[in-house]
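Colleague: 3D model of this:
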Amino acid sequence: MKYDVIIVGAGPGGGSAAYHLAKRGRSVLVLEQAKLPRYKPCGGGVSPQVQAWFDFDFAPAIDCVSREIHYTWKLGEPVAVALTGLEPIWLVRRDVFDHFLVQQAQAQGAELYDGTAVTGIHWQGDGWQVQTGAEPYQAHYLIAADGAKGKLPGWLGFRERKRRLAGALEAEAPLSEVPPAKICFEFGLVKNGYIWNFPKRDGFSLGVGTFCGGGETQDFRQMLTTYAAHFGVDLAHTRQYGHPLCLWDAPQALHTQNALLVGEAACVVDPFTAEGIRPSLWTGWQAALALDQALAGNPGALERYTETVQNTWGNDMVWAQRLAQVFYRLPGLAYRVGVKRPAATRKFAELFTGKTHYQEIAQLALRRLRQVSPV
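Modeller: Numbers count the residues shown, from 1 in each chain. As a prediction, the model looks like this:
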């Protein structure tokens, strides 16, 4: 059988693309090297904005919700923001969330072969042949959704992707009694990034990452240990996971011959907050729309996918980059004149819940910072 589309990777981008293509009656095969459900280190914060892109209810995949965001500077100077008038932020476990999304795609007719690693690809006739350890599969089109460490973009010829690699260390800490669900960010203990605590129903997802400049070595483990102790968590009794992040860095082609990149393979992680689930879901949706049109005979559909991602997501990320460069270069000042101001924290809450865009926030923040320091 020759599929319309083969999707490599069953994360949010791949699952989203599979659902929307199968919903439109296209034959879809999802190949995932791990057995599902599989653990994935991730804070797991998701804007409820994503519900508008799907016609099924995500409620079964949501672990808990948060109606508060808390900030600290070197574990002091706390700021609390209630999401009054805004939808609460969803907090998900990626093993559950990703598998649930793929199951919705399967219900629409998509096929899943998990535990199946892709070992190579080559162009054959009018489509792609995808090699696996079991047998080859063929499709007219291919979606690379295999994440920051995936090989598919390189095999497709995207060897000079404009991306900025960042690093993160995360840990899951199970607890018998968990305080009310509040998302926490700490800005003073790490350079060029932040530390976070995203609560779950029965524990915490703690992590530390750097997202901007600064090549100096930092002891992530010690920083995370210090921060975890602030919540009564002994990091020595948890397993830590290090992983790269592909931050959006510049406009670039996300299409090639009968193939598209989505999610972290497309480097769509927010360069200021490192949010990745929402843009992955969105690019998966947009890729599905583009390939549906291509299969219907529209010759410019794949090129327009690149244009859509750039014009809708990339243009806003230009402002996210500008804000990140200033905020993480002058974090103490930015915390004092930005985070600690009620109006600013409200704006950031709106940003995280998908109710506003970076351009407005960045212009206000940069104007405020210039009033107190040359930047």
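
Colleague: low-confidence regions, the stretch 151-300 of the chain specifically.
Modeller: Applying pLDDT under 70 to the stretch 151-300 of the chain flags the ranges 159-165, 178-179, 213-216.

Colleague: what about the strands in it?
Modeller: Here the stretch 151-300 of the chain has its strands, by DSSP state E, counting those that start in this stretch, at 163-174, 183-186, 193-200, 203-210, 240-248, 255-256, 259-261.

Colleague: quick one: closest of these to Arg24.
Modeller: Closest to Arg24 of the strands of the stretch 151-300 of the chain is strand 259-261 (C-beta to C-beta; 15.4 Å). In short, each C-beta sits where N, CA and C put it, glycine included.

Colleague: give me the distance from that closest one to the chain's centre.
Modeller: Computed by C-alpha atoms, centre = their mean, to the nearest Å, the chain-centroid distance of strand 259-261 equals 17 Å.

Colleague: just stretch 6-21 next, same as before
Modeller: Put simply, stretch 6-21 sits 14 Å off its chain's centre (C-alpha atoms, centre = their mean).

Colleague: tally of neighbours for Arg368?
Modeller: For Arg368, the neighbour count with other C-beta atoms under 10 Å is 15.

Colleague: and if you look at Ser176?
Modeller: Around Ser176 there are 6 residues (other C-beta under 10 Å).

Colleague: secondary structure class for the residue lying closest to Lys2 once chain neighbours are set aside?
Modeller: In space, and not counting its chain neighbours, Lys2 is closest to Gln138: 4.5 Å by C-beta to C-beta, 6 or more residues apart in numbering. Classification of Gln138 using DSSP: H, G, I helix; E, B strand; the rest coil returns strand.

Colleague: next up, identify which helix or strand Gln131 is on.
Modeller: Here Gln131 sits within strand 127-132, counting by DSSP states H and E.

Colleague: for Trp128, give me its contacts.
Modeller: With contact taken as C-beta atoms under 8 Å, 6 or more residues apart in numbering, Trp128 is in contact with 6, 121-122, 138-142, 258-259.

Colleague: drop anything exposed from these.
Modeller: Among these, those classed as buried by 16 or more other C-beta atoms under 10 Å are 6, 121, 138-142, 258-259.

Colleague: name the nearest of those residues relative to Arg24.
Modeller: Of the buried ones among the contacts of Trp128, the one sitting nearest to Arg24 (C-beta to C-beta) turns out to be Tyr141, at 13.1 Å.

Colleague: and the helix or strand containing that closest one, what does it pack onto?
Modeller: Element membership of Tyr141, judged by DSSP H and E, is strand 137-144. Counting by 3 or more C-beta pairs under 8 Å, 6 or more residues apart in numbering; DSSP states H and E, the packing neighbours recorded for strand 137-144 are strand 2-8, strand 28-32, strand 127-132, helix 152-155, strand 259-261, helix 277-295.

Colleague: state the mean pLDDT of it.
Modeller: Strand 137-144 shows a mean pLDDT of 98.

Colleague: quick one: that strand to strand 28-32, angle?
Modeller: 70 degrees (axes from the mean of the first three to the mean of the last three C-alpha atoms, to 10 degrees).

Colleague: show residues contacting strand 137-144.
Modeller: 1-9, 14, 17, 29, 31, 121, 124, 126-130, 150, 152-153, 156, 258-262, 265, 284, 287, 291, 294-295.

Colleague: so among those residues, which ones count as buried?
Modeller: Buried, going by 16+ other C-beta under 10 Å: 3-9, 14, 17, 29, 31, 121, 127-130, 150, 152-153, 156, 258-262, 265, 284, 287, 291, 294-295, out of the contacts of strand 137-144.

Colleague: which of the strands of the stretch 151-300 of the chain sits closest to Lys340?
Modeller: Using C-beta to C-beta, the nearest of these to Lys340 is strand 183-186, at 12.8 Å.

Colleague: direction included, what does the closest one pair up with?
Modeller: For strand 183-186, the paired strands and their directions (DSSP bridges) are strand 68-73 (parallel), strand 193-200 (antiparallel).

Colleague: okay, these, which one's buried deepest?
Modeller: Across the strands paired with strand 183-186, averaging neighbours per residue (mean count of other C-beta atoms under 10 Å) puts strand 193-200 on top, at a mean of 23.

Colleague: list the contacts for the residue nearest to His237 when sequence neighbours are not counted?
Modeller: Once flanking residues are discounted, His237 sits nearest to Ala173: 8.0 Å by C-beta to C-beta, 6+ apart. Ala173 makes contacts with 203-206, 228, 231, 233, 235, 237-238, as judged by C-beta under 8 Å, 6+ apart.

Colleague: at 10 Å what do you get?
Modeller: Counting by C-beta atoms under 10 Å, 6 or more residues apart in numbering, Ala173 touches 197, 200, 202-206, 228, 231-235, 237-239.
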